[in-house]
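Student: Predicted model, plus sequence, below.
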Amino acid sequence: MLRYNINKIKLISYHHFNRFNQLSSSVALNSTNQHVHDGIKSHRSYEKLLEPLQLRGGITLKNRILMGSMHTGLEESGLIGSGGLENMAAFYEERAKGGVGLIVTGGISPNFDGCVYLGAAQMSTSNDSYAHRIVTDTVHKNSGKIAMQILHSGRYAYHPWPVSASAIKSPIGWYKPKALSRLEVYRTIDDFVHSAVLAKAGGYDGVEVMGSEGYLINQFLVKRTNHRSDEFGGSYENRMRFPVEIVKRIREAVGEDFIIIYRLSMLDLVDDGSSWEEIVELAHRIESSGASIINTGIGWHEARIPTIATAVPRGAFTWVTKRLKSEVSIPLCTTNRINSPDTAEDILQSGSADMISMARPFLADPYFVQKTIEGRVDEINTCIGCNQACLDNGFKGEKVTCLVNPRAGFETSFHINNV
């Protein structure tokens, strides 16, 4: 199979960047549309963005906006945050009040090996499940839905005991990982399933299986990091066995009345990553294994191509989601640098996706959706993609917040009084 050449990816991406910028400019200059992006009041109805979305199992989302996963440091009271899950509950409470269709938490590990760092959150015991009730109950009291992201860091772990498909050190990692034995692979699949069952018991409406960004599942999928010779290595049929088994067995364990999102890496942006044919094949298998939604993942963390910085044009990677749209029948969610309702509506109206994921825009303004519904788009506190108080804080081991909304992550201590 032919594989993507990184230089070709750059050319394709920047071609689409330019096309999207031209589209945005033409929309902004067309006075008959009565709207521009970011800052001028809109007269649009946003009918596609605010339209309910039907999922398998008879589940309905009230709109097509997903609050994407971000690790905020509120998921645990370990090395980053403090205050326990009360702070996490307060953070998501405001986003639920703001009207988002579905919230996805920051990544939570299914076992100790998968923790990103020592002390990171796990969902592996009944005590963990019980502790999260304050989060899920709070969201539900505010008419929201929330899914927990299950993330196994694999060789990206910043602790001395990382594991992976093969013993190949990451260029951004601290330690060389141990290759999981065949038995340990099956135990890890069990841990993903157990974590999903515990999440459901803890009140979550679903889970997102993190299969992109270069984490453990990605490490099994590509020859770059998988040099195994057992049933989990070699051919693509074998390499994709790991994620397919996870999704299939989660669906069997949780039943139909539970959302399963699979975050699929549609562009790895690294050498020896997945070919397009492999991505399509995996999407087919994930759908048939029981997923409710496929969410777009762009780039491994070790990739050198920017994907979320300010310099990346809005909706620059939506073309990838659109390319997969005709291949599956379940909803596809697109992501990356979508920070205004106009951009989101344009993407949905074009048929490029069924749903829009926005993460940092909900740091900047928890009431993004409510303001859109009420026609107060000009009042949205827009994410500027600076990464200075979100990603940079996370990398420094500090609680994530927002440069344009310093209250984000501090909802229980930063009170705003009306004057």
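Tutor: Yep, it's here. Numbers count the residues shown, from 1 in each chain.

Student: Low-confidence stretches in the stretch 151-300 of the chain?
Tutor: Within the stretch 151-300 of the chain, no stretch has pLDDT under 70.

Student: Which parts of it are helices?
Tutor: Here the stretch 151-300 of the chain has its helices, by DSSP state H, counting those that start in this stretch, at 182-201, 216-221, 236-239, 241-254, 276-289.

Student: Could you single out the most deeply buried of those helices?
Tutor: helix 216-221 (a mean of 28; mean count of other CB atoms under 10 Å). Every residue, glycine included, has its C-beta placed from N, CA and C.

Student: before we move on, the earlier item: between the helices of the stretch 151-300 of the chain, which gets nearest to His415?
Tutor: Ranking the helices of the stretch 151-300 of the chain by distance to His415, with CB to CB as the measure, places helix 182-201 first at 31.1 Å.

Student: and the closest residue to Trp300 other than its chain neighbours, how many neighbours does it have?
Tutor: Of all residues not flanking Trp300 in the chain, Gly214 sits nearest, at 3.2 Å (CB to CB, 6 or more residues apart in numbering). Counted with other CB atoms under 10 Å, residues neighbouring Gly214 total 27.

Student: Gly214 contacts Ala157, doesn't it?
Tutor: No. Counting by CB atoms under 8 Å, Gly214 stays clear of Ala157, with 12.0 Å between them.

Student: so Gln149 bridges to which residues?
Tutor: Taking DSSP bridges, one finds Gly107, Glu208 as the beta-bridge partners of Gln149.

Student: what's the spacing between it and Tyr186?
Tutor: 22 Å (CB to CB, to the nearest Å).

Student: that older thread, with distance to Phe368 added, can I get the helices of the stretch 151-300 of the chain in a markdown table?
Tutor: Formatted as a markdown table, these follow (distance: least, CB to CB, whole Å):
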| stretch | distance to Phe368 |
| --- | --- |
| helix 182-201 | 25 |
| helix 216-221 | 29 |
| helix 236-239 | 38 |
| helix 241-254 | 30 |
| helix 276-289 | 29 |
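
Student: who wins for proximity to Trp174 among these?
Tutor: helix 216-221 (15.9 Å).

Student: Who are the packing partners of the closest one?
Tutor: Using 3 or more CB pairs under 8 Å, 6 or more residues apart in numbering; DSSP states H and E, the elements in contact with helix 216-221 are strand 163-164, strand 206-211, helix 241-254.

Student: looking at those, which is closest to Thr318?
Tutor: That would be strand 206-211 among the helices and strands packed on helix 216-221, by CB to CB, at 19.3 Å.

Student: can you count the residues close to the nearest residue to Thr72 once chain neighbours are set aside?
Tutor: Spatial nearest neighbour of Thr72, excluding adjacent residues (CB to CB, 6+ apart): Val400 at 4.3 Å. Look at Val400: counted by other CB under 10 Å, it has 23 neighbours.

Student: can you check Tyr117 too?
Tutor: 15.

Student: do Gln54 as well
Tutor: With other CB under 10 Å as criterion, Gln54 counts 10.

Student: Could you do Gln370 as well?
Tutor: 16.

Student: residues touching it, list them.
Tutor: Gln370 sits next to Lys97, Gly98, Gly99 when contact means CB atoms under 8 Å, 6 or more residues apart in numbering.

Student: Just send those residues back as TSV, with secondary structure, distance to Thr318 and neighbour count too.
Tutor: As requested, these are arranged in TSV below (DSSP: H, G, I helix; E, B strand; the rest coil; distance: CB to CB, whole Å; neighbours: other CB atoms under 10 Å):
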residue	secondary structure	distance to Thr318	neighbour count
Lys97	helix	28	18
Gly98	coil	23	21
Gly99	coil	23	22
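
Student: measure stretch 260-273 end to end?
Tutor: Length of stretch 260-273, first residue to last, CA to CA, to the nearest Å: 25 Å.
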